[in-house]
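Q: The amino acid sequence is not available; the structure is as follows:
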Ligand SMILES: Cc1ncc(COP(=O)(O)O)c(C=O)c1O
């Protein structure tokens, strides 16, 4: 998904010659007005001071066109956006400082940070071990054999599926490769996905058993059920419970307010409970205001177009979620991807963006960096301190999706800012969902009052989508109050500590077993690499027979070479449950040959609990 057309298009764009400082360039198609000898354009940036002369940028250092000393004094770029096109890394005599940049004698601006400042480092507890060569070769071979068998199968056996009728002369409505892949590759392991459940997805989950008599084309329920330890739900703090305070208060709210408002927030759908949740969310996150929406996916996809548009540049992490990508596509902004969590590459992209500007030569209207807090496919944690430094240095905005980190990370469960002890007000746009740690549904955007007021008017999700259901809202309020300790107990604190303890213990034990895991030591999503497509199915099926439910992820959701099992840890898991799971993983790893890791293994017993680790 991250290799979307827009992305590829953006990254292939020909680097433009560096436009001269905006002070010298006036395009004939730009509407401008003059005041105090300075010409202002409709873009809001000051462009020309030399009356009617139309000058065009031709070189990168522009000595010939340097302004006179007089002009340099009177015409410094006045806004960060007008500065953006003027930035150069050329060394030159410094004559003044504006907004952290230095105005130079050659008409350019360069950074005032003359000494190269080292970026603050996030503690490195991450591991992305490389796939062994033999495994890589076998994975490719195995996949092509599956595809080849699929083609033979399709050639000789007509699939038992509905086909489009009376469509002669039409182009096929559905993508041919996708159809082929689903029918002949994915069908072989289809039983491992979309498994119906009939309980809350808590520490354990009840699966409805089913069988297939036609090799995965269809499934029938057997009428029996299987209770499994659940390592497949984002129930980070264990609030997915059928009884207890959250369930009781949600049922009570359902009785009082019904299950839906049947209207949008902007019309008749706003209830006092929505306002209460927004106030509580802002307080929980430590920011001025928040706005909530009924769906996490729509929070990204329908709000991003209200924040960025044509003429804006978005620098997006290559592993960003589909909801972010969709929102960005809808917005019309230019999207450029940077390598996953790679601060160096991000800085390069920022520099280029500022120097080259848009293809028209105009500076970008704004530059927005978009990252996630915890990446659920990789188990990595954003390098937030470095990214904040960059965003400040280059005057870019930062949008952070905390779907997997809010509630789950940090001493107080307040997300990645809490984890790194960073002031949440350093992030311009904080986004998160209520689907994971709060065991509910929906999403939020939090930040300054001005940002939230803007969204209350311009957000499509606020204007056109039905408001959040009252019992769903109540589930979030109650669980958030527990996390904050506002219920008068230390239950929230205990859950946060238990999740951190479970995470470290489980990850360290897996490393000791010798399997390859991805991501950060503190991330509660734990991808275990199995590489081969057939091994994903084998691991999931075998674990299910041992009453362990988990999730597999393979191509096209991951790169071909990186098929994995994803374990999601929860505060609801006990040490006994984790030990049971780990003993079976060890056995399966031996049988299926999953011990790919070449890292040294800790020979001593892994401790479950250590005070200074969780404090
Ligand atoms: C990073 C991220 N953002 C947004 C979403 C969408 O949230 P929801 O599932 O609540 O619609 C998800 C879903 O998993 C996600 O992982």
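A: Everything's here; your move. What you are looking at is a predicted structure, and each value in this text was computed from that prediction instead of being measured.

Q: and the stretch 151-300 of the chain, which of its residues are near the ligand?
A: 295-297, 300 (CB under 6 Å from any ligand atom). Every residue, glycine included, has its C-beta placed from N, CA and C.

Q: what about 8 Å?
A: 234, 295-300 (CB under 8 Å from any ligand atom).

Q: Throw those residues into CSV and include neighbour count and secondary structure, thanks.
A: Formatted as CSV, those follow (neighbours: other CB atoms under 10 Å; DSSP: H, G, I helix; E, B strand; the rest coil):
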residue, neighbour count, secondary structure
234, 21, coil
295, 20, coil
296, 22, helix
297, 18, helix
298, 20, helix
299, 28, helix
300, 28, helix
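
Q: farthest-separated two in the residues you listed?
A: In terms of CB to CB, these reach their longest pairwise distance at 234 and 298, which sit 17.8 Å apart.

Q: picking that back up, could you dump the residues of the stretch 151-300 of the chain next to the ligand into CSV with distance to residue 424 and pLDDT added?
A: Shown next, in CSV, are these (distance: CB to CB, whole Å; pLDDT from 0 to 100):
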residue, distance to residue 424, pLDDT
234, 22, 96
295, 23, 97
296, 19, 97
297, 23, 98
298, 23, 97
299, 17, 98
300, 18, 98
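
Q: Counting neighbours, what do you get for the nearest residue to residue 260 once chain neighbours are set aside?
A: Leaving aside its sequence neighbours, residue 260 sits nearest to residue 469 (CB to CB, 6 or more residues apart in numbering; 5.2 Å). Residues within reach of residue 469, counting by other CB atoms under 10 Å, total 22.

Q: mind listing what residue 469 touches?
A: 259-261, 294, 441 (CB atoms under 8 Å, 6 or more residues apart in numbering).

Q: Closest one of these to the ligand?
A: Of all the contacts of residue 469, the ligand sits closest to residue 441, with 6.2 Å by CB to the nearest ligand atom.

Q: Show me which residues of the protein sit near the ligand.
A: Residues of the chain lying near the ligand (CB under 8 Å from any ligand atom): 234, 295-300, 320-324, 372, 375-376, 401, 403-404, 431, 433-436, 441-443.

Q: quick revisit: ok, and the most crowded of the contacts of residue 469?
A: residue 294 (24 neighbours).

Q: list the contacts for that one?
A: Counting by CB under 8 Å, 6+ apart, residue 294 makes contact with 441-442, 461, 465-469, 472.

Q: and residue 490, how many neighbours does it have?
A: 11.

Q: just so I have it, where are all the helices in the stretch 51-200 of the chain?
A: 69-74, 80-84, 133-156, 176-184 (DSSP state H, counting those that start in this stretch).

Q: by how many degrees do the third one and helix 176-184 diverge?
A: Calculated by axes from the mean of the first three to the mean of the last three CA atoms, to 10 degrees, helix 133-156 forms an angle of 90 degrees with helix 176-184.

Q: so what does helix 133-156 touch, helix or strand wise?
A: Packing contacts for helix 133-156, counted by 3 or more CB pairs under 8 Å, 6 or more residues apart in numbering; DSSP states H and E, involve helix 176-184, strand 525-531, helix 533-545.

Q: For the closest residue to the ligand within the stretch 151-300 of the chain, which non-adjacent residue is closest in space?
A: Residue of the stretch 151-300 of the chain nearest the ligand, by CB to the nearest ligand atom: residue 296 (2.3 Å). The spatial neighbour of residue 296 that comes closest, neighbours along the chain excluded (CB to CB, 6+ apart), is residue 433 at 3.2 Å.

Q: Sketch out the low-pLDDT regions of the protein for me.
A: For the chain, the stretches flagged by pLDDT under 70 are 1-124, 160, 610-615.

Q: Go through it and flag its longest strand.
A: strand 220-230 (DSSP state E).

Q: so what secondary structure elements neighbour that one?
A: In terms of contacts (3+ CB pairs under 8 Å, 6+ apart), strand 220-230 is packed against strand 204-211, strand 548-549, helix 575-592.

Q: can I get these in a markdown table with mean neighbour count and distance to residue 162?
A: Compiled in a markdown table, the helices and strands packed on strand 220-230 are given as follows (neighbours: other CB atoms under 10 Å; distance: least, CB to CB, whole Å):
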| stretch | mean neighbour count | distance to residue 162 |
| --- | --- | --- |
| strand 204-211 | 16 | 21 |
| strand 548-549 | 22 | 31 |
| helix 575-592 | 16 | 37 |
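
Q: my read: residue 293 touches residue 466, true?
A: No: in this structure, residue 293 is not within contact of residue 466 by CB atoms under 8 Å, at 10.1 Å.

Q: From the neighbour counts alone, determine which of those two ranks first.
A: residue 293 (27 against 16).

Q: how much space between that one and residue 221?
A: Noted for residue 293: a distance of 35 Å to residue 221, by CB to CB, to the nearest Å.

Q: Just the closest residue of the stretch 501-615 of the chain to the ligand, please.
A: Relative to the ligand, the nearest point of the stretch 501-615 of the chain is residue 525 (9.5 Å; CB to the nearest ligand atom).

Q: number of nearby residues for that residue?
A: 24.

Q: again with residue 153
A: Neighbour number of residue 153 under other CB under 10 Å is 15.

Q: go on, residue 603?
A: 6.

Q: Can you pull the domain assignment for the protein?
A: What automatic domain parsing lists as the domains of the chain is 5-111, 133-230+493-614, 245-484.

Q: distance between the ends of the last one?
A: So the one you mean is domain 245-484. Terminal residues of domain 245-484 lie 15 Å apart, using CA to CA, to the nearest Å.

Q: Residue 254 reaches residue 470, doesn't it?
A: Yes: with contact defined as CB under 8 Å, residue 254 counts as touching residue 470 (6.8 Å).

Q: before we move on, back to that, quickly compare the helices and strands packed on helix 133-156 and say which is most buried.
A: strand 525-531 (a mean of 24; mean count of other CB atoms under 10 Å).

Q: Which residues does that strand contact?
A: 129, 131, 135-136, 138-139, 234, 374, 376-379, 404, 503, 506-507, 510, 515-519, 536, 539, 553, 561-569, 585, 592, 594, 596.

Q: Just the buried ones out of those residues, please.
A: Buried members of the contacts of strand 525-531, scored by 16 or more other CB atoms under 10 Å, are 135, 139, 234, 374, 376-379, 404, 503, 506-507, 510, 515-519, 536, 539, 553, 562-569, 585, 594, 596.

Q: List the contacts of the one residue sitting closest to the centre of the chain.
A: Nearest to the centroid of the C-alpha atoms of the chain, with distances taken as CA atoms, centre = their mean, sits residue 372, at 3.5 Å. Contact analysis of residue 372 by CB under 8 Å, 6+ apart lists 317, 319-321, 324, 382, 400-405.
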